[in-house]
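Peer 1: Predicted model and sequence below, questions to follow.
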Amino acid sequence: MEEKELYQKLGYVKISPYRSKTLKSIGSEVKMPSEIAKEIGIKTSQVSASLSDLKKEKLVVCVNEEVRKGRLYKCTEKGLEVQKYI
């Protein structure tokens, strides 16, 4: 990822404490929204909104999109790169 794009994405994540905490919580693991919520102490609905934002920016990806319950998320390469600076 080029430097300009990195800083744009980093700013987008850092402006929201929820997005920052959500991205950090996932790290290099694969997690469900409920696990992230419990870990960082916010509501699952807030985590879901953050994941939706991060997904639009291609920082996280849902690895089992076809299921309704028990969705799993992991960071993309871009997400892992942005994580280093939070």
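Peer 2: Here it is on my side, so go on. It should be emphasised that the depicted structure is a prediction, and the values quoted were computed from it without experimental measurement. Numbering: from 1, shown residues only.

Peer 1: from what I can see, Ala61 looks like it's in a strand, true?
Peer 2: Not quite, residue 61 is Val, not Ala. Yes. Val61 sits within a strand when classified using DSSP: H, G, I helix; E, B strand; the rest coil.

Peer 1: ok, the spatially closest residue to it that is not a sequence neighbour - contacts?
Peer 2: Spatial nearest neighbour of Val61, excluding adjacent residues (Cβ to Cβ, 6 or more residues apart in numbering): Thr76 at 5.5 Å. For glycine as for every other residue, the C-beta is placed from the backbone atoms N, C-alpha and C. Applying Cβ atoms under 8 Å, 6 or more residues apart in numbering, one finds that Thr76 lies in contact with 58-61.

Peer 1: can you give me the helices in the chain?
Peer 2: For the chain, helices defined by DSSP state H occupy the ranges 3-14, 17-26, 33-40, 44-56, 77-83.
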